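Peer 1: Model the structure of this input:
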Amino acid sequence: MTMTSLIDPARVIPCLRTRDLRHTLGEMTLIAAEAALLDHNAAWAAITARGASSSFAFGRGVMIPHAMIAGLGKPLAVFARLDPGLDLDGTDGVPIDLAILILSGEGDEPTLLRALACAARRLRDREIAARLRSAGSVEALHVVLTSDAWRACSDPVRAETPQGKDLTNGAKWPTITASC
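Peer 2: Numbering: from 1, shown residues only. Next up, the predicted model:
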C-alpha cells in the first residue's frame, strides 16, 4: 500500500479552520463520503464509533482518524492541515495540526491496518511533517504526502513532482511562517 493509492489532490485540505474535533471529523468525513459516493451519515457514524473506543492522536501534532465502512471498495484518505491546532490532551501536549482520515471497507481489517501503517510511517518522519506544515499549495502538500521526489533533488530549493513539474516555480520551499 502506498500513499499514492490512498490520497489524491482533491482530498487534500491545505487549511481546515477548526472549531473542535467534532467539526474537524465532520468536514473530513464529508469529503471522504463524497469522493467514495458513500452516505455521509454512515461515514460519520463509523468514525465517531471508532473514536469512542480508541484515540486518534498519534503524537507530535498528528492524528489519524480511521474506520471501516460498508460499501467502500478500496481504502481512501483525506488529509487536512488544521488551523488552529486541536488540543486533544495528548501525552506529548502538542496540539494536532496534521490529520489524515482513513476509511476502509467493512470487514477488511488487514487493509485498514496496512493503510494506517502507511500513513503513520509517512507522518512519523519529522522532515515530512515539517514540509507538510510549511507547504504553500495543495500540489506541494500532495507531493510531500505521496512522493519522495522532493528529497532526491540535489538542490532542495526546487521541488519537482514525479512527472517533472516544478511546483515551486523556482522559489524556495515555503517556510514554517507560511500561514494556511
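
Peer 1: quick one, strands of the chain?
Peer 2: Assigned strands in the chain, in chain order: 12-17, 57-59, 62-63, 66-69, 76-86, 96-105 (criterion: DSSP state E).

Peer 1: Now do the same for His40: its pLDDT.
Peer 2: Note for His40: predicted pLDDT of 93.

Peer 1: okay, now it: neighbour count?
Peer 2: Using other CB atoms under 10 Å, His40 is surrounded by 14 other residues. Bear in mind the C-beta positions are built from the backbone N, C-alpha and C, glycine included.

Peer 1: Could you measure from the nearest residue to it once chain neighbours are set aside over to Ala42?
Peer 2: Excluding its sequence neighbours, the residue lying closest to His40 (CB to CB, 6 or more residues apart in numbering) is Ala33, at 4.1 Å. Applying CB to CB, to the nearest Å, the value for Ala33 to Ala42 is 8 Å.

Peer 1: Tell me which of the two has more neighbours.
Peer 2: Ala33 (20 against 17).

Peer 1: Which residues are in contact with the more buried one?
Peer 2: 39-40, 42-44 (CB atoms under 8 Å, 6 or more residues apart in numbering).

Peer 1: Could you rerun that using 10 Å?
Peer 2: 39-44, 69, 72, 78, 103 (CB atoms under 10 Å, 6 or more residues apart in numbering).

Peer 1: mind showing which ranges of this protein have poor pLDDT?
Peer 2: The model of the chain has pLDDT under 70 over residues 149-180.

Peer 1: all helices in it, in order from the N-terminus.
Peer 2: Applying DSSP state H to the chain gives helices spanning 3-6, 21-36, 40-53, 109-124, 126-134, 138-146, 149-152.

Peer 1: Rebuild these as JSON lines, extending it with distance to Pro14.
Peer 2: Shown next, in JSON lines, are these (distance: least, CB to CB, whole Å):
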{"stretch": "helix 3-6", "distance to Pro14": "17"}
{"stretch": "helix 21-36", "distance to Pro14": "13"}
{"stretch": "helix 40-53", "distance to Pro14": "21"}
{"stretch": "helix 109-124", "distance to Pro14": "16"}
{"stretch": "helix 126-134", "distance to Pro14": "10"}
{"stretch": "helix 138-146", "distance to Pro14": "5"}
{"stretch": "helix 149-152", "distance to Pro14": "17"}
